[in-house]
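>>> Return atomic coordinates for the entry below.
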Amino acid sequence: MPAKRKLRYGMVGGGQNAFIGAVHRLAANLDGQIELVAGAFSADARNSRLTGEQLWLNPARVYDTYEQMARTEAGLPEGERMDFVAIVTPNFLHAPVAATFLKAGFHVVCDKPMTLTLKEARTLRETVRKSGRVFALTHNYTGYPMVKEARELVRSGRLGKILKVIAEYPQGWLLDRIETTGHKQAAWRADPKKAGASCCVGDIGTHAENLGRYITGLRIEELCAEFTTFVPGRKLEDDASMLIRYEGGAKGVLHCSQVSCGEENNLNIRVYGTLGSLAWQQEHPNELKWIPKGEPARLLRRGNGYLGDAAKKFTRLPFGHPEAFIEAFANIYLEAVAAIRANLAGERGEFDFPTVDDGVAGMAFIETAVKSAASNGRWTKFPKL
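Take a look at the predicted model:
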């Protein structure tokens, strides 16, 4: 039975000098349920072959193009071909690569943002629905156990009615114009043709928005945004601030920046309700601050027995042994693999990972923010998803 073996996957992107591809491979390998069997790791065929050699793959299954990979893998016997593909390319390739593999019959795990445009995202959602395949989007910060504990606190009503959500994601790595120095990761993010209409919001602002939506369940009604390009000569924004109005009356503040000197990867969120508040910081991910109304602040820590079932399910080590970025990423793969196993067995279930619908919402957020910023911060309605 398909559910009683390791699942086989291939990767598009993630060749030499790539960052996120290696992270995906580490995360996918962590729990021993998945094996990498194929790849088209770069638009440069030599890079792809070299990456395949370093990963000890069969040379016959290291491809020059993703189209060749999809076509060839689909023609292999059921016991050999891969089960799903992981897409870790720059943004502009996400949609065409995903559509190609879905139409070839494969499940998909895709990096965010899902597409270049909202229109493209809606089209891809239809492709996913018609295919009947699993589509997982790697908004990996939702994989942290203490983020899941935060969501359970909100769902259980212990924060009461949510009044305010403040999400921040400051980084400092683009304070200089390193995209002109051969820095691969900066170069494509600063290129509108490869990154889309936004750099900072598309790259990290979407994580902040997704984190708030995941924890609180709130949906944006409208927002006003200001984009700033602080570094001269840069084509896209490197800093953004916005106010948010949520359906139901809650308010939000979202700030993201890639030119905040000294900041590393300081994604954080604070949620305030009528009965309490919570705060979580990605650079200290094993802790969650919870303050019930009229009571002392409580510091909840990963791995302890007082946490809820969701946090416990996605914890691997006892308390005092830190778990972090790779484990959170692995939790996305763990749930996606469970969904794929169920799909292969003709079964259904409830799984906790970002889906194609989250991808559509993320693109709607980017496009609404871009539209608002272009109109000098005018309040802009969130589109129907």
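>>> From the centroid of this structure, which residue is nearest?
Note on the chain: the residue nearest the mean C-alpha position is His139, at 1.9 Å, using Cα atoms, centre = their mean.
>>> Pop out the phi and psi values for Val88.
Main-chain dihedrals, Val88, degrees, to the nearest 10: phi -130, psi 40.
>>> Name the SS class of Asn210, please.
Assigned with DSSP: H, G, I helix; E, B strand; the rest coil, Asn210 falls in the helix class.
>>> neighbours of it, just the number please.
Residues near Asn210, counting by other Cβ atoms under 10 Å, number 23. Glycine gets a C-beta too; all of them are placed from N, C-alpha and C.
>>> show me what contacts it?
Applying Cβ atoms under 8 Å, 6 or more residues apart in numbering, we find Asn210 in contact with 112, 139, 141-142, 354, 358, 361-362.
>>> which two in the residues you listed are spaced the farthest apart?
For the contacts of Asn210, the farthest-apart pair by Cβ to Cβ is Tyr141 and Ala361; their separation is 15.2 Å.
>>> what about the helices in the stretch 201-350 of the chain?
Secondary structure of the stretch 201-350 of the chain by DSSP state H, counting those that start in this stretch: the helices cover 206-216, 309-313, 325-344.
>>> Return the most buried member of those.
Using mean count of other Cβ atoms under 10 Å, the stretch among the helices of the stretch 201-350 of the chain with the largest mean neighbour count is helix 206-216, at a mean of 24.
>>> Run through the chain and note the low-pLDDT ranges.
The chain contains residues with pLDDT under 70 at 1-3.
>>> Most remote residue from the middle of it, which is it?
Distance from the C-alpha centroid of the chain peaks at Gly294, with 35.8 Å (Cα atoms, centre = their mean).
>>> Show residues contacting stretch 311-319.
Stretch 311-319 has contacts (Cβ under 8 Å, 6+ apart) with 143-146, 148-149, 152, 301-304, 323, 327, 331, 334.
>>> of those residues, closest to Arg158?
Closest to Arg158 out of those is Glu152 (8.7 Å), distances taken as Cβ to Cβ.
>>> The closest one reaches Gly308, doesn't it?
Yes: the pair Glu152 and Gly308 qualifies as a contact (Cβ atoms under 8 Å) at a distance of 4.4 Å.
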